[in-house]
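*Asks:* This is a predicted model, with the sequence first.
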Amino acid sequence: MNFKILGTGSYVPENIVTNDDLAKIVETNDEWITKRVGIKERHISVTDTTLDMGANAALDALENSGVKAEELDLIVTATISSDTACPSAACLIQSRIGANCMAFDVSAACAGFLFALETVSGFLERGRAKKALVVCTDRMSKLLDWSDRSTCVIFGDGAAAVVLEACEEGYYDSVIHTKGGNDVINIPARDGCSPFYKNEPQHPYLFMNGQATFKFAVNSISHDVAELFEKTGLTKDDIDVVIPHQANKRIIDFAQPKTGIDREKWYVNIERYGNVSGASIPIALDEMNKKGLLKRGDKILFTAFGGGLSSGAVIIEW
Amino acid sequence: MVSEKIKELIAEQISVDVEEITDNKSLEDLGIDSLDVTEIAMSIEDEFDIEFEADTGMKTVADLVAAVEAKLG
């Protein structure tokens, strides 16, 4: 049993923030950001919530796939910025789009899409769901310290979704890893207002050790891809398209030669979106789908890494 | 030998002739930022098969060479 992707969708807030716009907020400039991370602009929410973006991406994916919300058996949302701790983002997306199936969130930061696919594949494999929706949505702008120029320039807001169906044909294989710890990437949650809790309040915004993150990212891409090739028996020549997590163009440029997969196969759109956390890969997938850049039977390799630390690589057949 | 190889890796990283990479040049003067240092450190790891962390105390080309030589014993 495998699955195929029936359709894709995405949504990003209308408001575009350029590097020049950021230079008015923190001490930075277009040249520095372009050279260091390869980003020119990102979409930053003015009124869109994490739910709004996720639901819009979900509706777009349903329309693209020709599937009705009531046909869904499962919704898995990957997010680290849910508007509500309870209900989960998936529950609210289910309600907003008019579905009535089981729905829950997974949390794996920038690798969220791959962790969600892996979760859904288990439900499909066991016959517990036939049609499933994966939604990745993050309003990263609410997790950032907007006075920290080393991180606030990197991220963007957005969402993307895919509709999956269990089927005999198709292809799915994966490697998924967790190296638990919060010394490299950390986003503390709310401390609350308990009058009994006496610990020092946490700084509730994203912290990232840039160099350690860079190293983890490059090593994850090269090791996870090699491990997946070893596991599947596939080689670099079997891969038609690579969609890496869009965290930093320098990471992609540095890691690509280590995988041996030709540069022309790598799809990169970070210059227009920034790092949209788990939504980065499915936004790129949706963009390729809508532009007609994918052919039936194409083998697509996803590789992602992020907070957790979490990483993984997945091969699917389009 | 180690020194020559490191200079080659630095030259390759910042796309300049290797002759420009001399011991006493500061990394800053060569236009090498912290991300370049990370990439150079990772190239050093691959080249010499060692675990190598660049730190902020490494100011010059010679500092980088000395740190790698210390690692290699």
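*Replies:* Perfect, I can see it now. Numbering: from 1, shown residues only, chains lettered A, B, ... in the order given.

*Asks:* Just checking the longest helix that chain B contains against chain A, any contact.
*Replies:* Ranked by residue count, the top helix of chain B under DSSP state H comes out as helix B:34-48. Yes. If you take Cβ under 8 Å from any Cβ of the partner chain as the test, helix B:34-48 does meet chain A, through B:34-35, B:37-39, B:41-42. C-beta here means a position set from N, CA and C on the backbone, and glycine is covered the same way.

*Asks:* which of these lies closest to B:Gly73?
*Replies:* Of all those, B:Ala41 has the smallest distance to B:Gly73: 18.1 Å, by Cβ to Cβ.

*Asks:* How about the contacts made by the nearest residue in space to the closest one that is not next to it in sequence?
*Replies:* In this structure, B:Ala41 finds its nearest non-sequential neighbour in B:Ala54, 4.1 Å apart by Cβ to Cβ, 6 or more residues apart in numbering or on different chains. Neighbour list for B:Ala54: A:211, B:37-38, B:40-41, B:64, B:67 [criterion: Cβ atoms under 8 Å, 6 or more residues apart in numbering or on different chains].

*Asks:* hang on, the earlier thing: now do the longest helix of chain B: everything it contacts.
*Replies:* Counting by Cβ under 8 Å, 6+ apart, A:36, A:210-211, A:214-215, A:218, A:250, A:254, B:2, B:5-6, B:9-10, B:12-14, B:27, B:32, B:50-54, B:58, B:64, B:68, B:71-72 sit against helix B:34-48.

*Asks:* rewinding a little: turn the contacts of B:Ala54 into TSV, columns for pLDDT, neighbour count and distance to A:Thr18.
*Replies:* Listed next are the contacts of B:Ala54 as TSV, based on pLDDT from 0 to 100; neighbours: other Cβ atoms under 10 Å in any protein chain shown; distance: Cβ to Cβ, whole Å:
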residue	pLDDT	neighbour count	distance to A:Thr18
A:Gln211	85	20	27
B:Val37	86	19	28
B:Thr38	87	21	26
B:Ile40	89	22	31
B:Ala41	87	22	32
B:Leu64	87	25	36
B:Ala67	87	19	39
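
*Asks:* closest to A:Ser147 among these?
*Replies:* Closest approach to A:Ser147 among those (Cβ to Cβ): A:Gln211, at 21.0 Å.

*Asks:* Give me the distance between the residue of chain B found nearest chain A and B:Ala54.
*Replies:* At 4.6 Å from chain A, B:Thr38 is the closest residue in chain B, using Cβ to the nearest Cβ. B:Thr38 is 6 Å from B:Ala54, where distance means Cβ to Cβ, to the nearest Å.

*Asks:* Could you do B:Lys25 as well?
*Replies:* Plainly put, B:Lys25 is 16 Å away from B:Ala54 if you go by Cβ to Cβ.

*Asks:* can you check B:Ile14 too?
*Replies:* 14 Å.

*Asks:* Same check on A:Ser121?
*Replies:* For A:Ser121, the distance to B:Ala54 equals 39 Å [Cβ to Cβ].

*Asks:* SS state for A:Arg128?
*Replies:* State at A:Arg128, reduced to three classes by DSSP: H, G, I helix; E, B strand; the rest coil: coil.

*Asks:* buried residues in stretch A:169-184?
*Replies:* Applying a neighbour-count criterion of 16 or more other Cβ atoms under 10 Å in any protein chain shown, the buried positions in stretch A:169-184 are A:170-172, A:174-177, A:184.

*Asks:* And these, which is closest to chain B?
*Replies:* A:Val184 (12.8 Å).

*Asks:* ok, the closest residue to chain B within the stretch 201-318 of chain A - contacts?
*Replies:* Nearest residue of the stretch 201-318 of chain A to chain B (Cβ to the nearest Cβ) works out as A:Gln211 at 4.6 Å. Going by Cβ under 8 Å, 6+ apart, A:Gln211 touches B:34-35, B:37-38, B:54.

*Asks:* can you put the residues you listed in a markdown table and add distance to A:Asp224?
*Replies:* A markdown table is the format used below for these (distance: Cβ to Cβ, whole Å):
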| residue | distance to A:Asp224 |
| --- | --- |
| B:Ser34 | 25 |
| B:Leu35 | 22 |
| B:Val37 | 25 |
| B:Thr38 | 19 |
| B:Ala54 | 24 |
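
*Asks:* Now do the nearest residue to A:Asp183 once chain neighbours are set aside against A:Lys130, distance only.
*Replies:* Leaving aside its sequence neighbours, A:Asp183 sits nearest to A:Asn209 (Cβ to Cβ, 6+ apart; 7.1 Å). Here the criterion is Cβ to Cβ. By it, A:Asn209 lies 43 Å from A:Lys130.

*Asks:* In terms of neighbours, single out the busier of those two.
*Replies:* More neighbours surround A:Lys130 than the other of A:Asn209 and A:Lys130, with 16 against 13 (other Cβ atoms under 10 Å in any protein chain shown).
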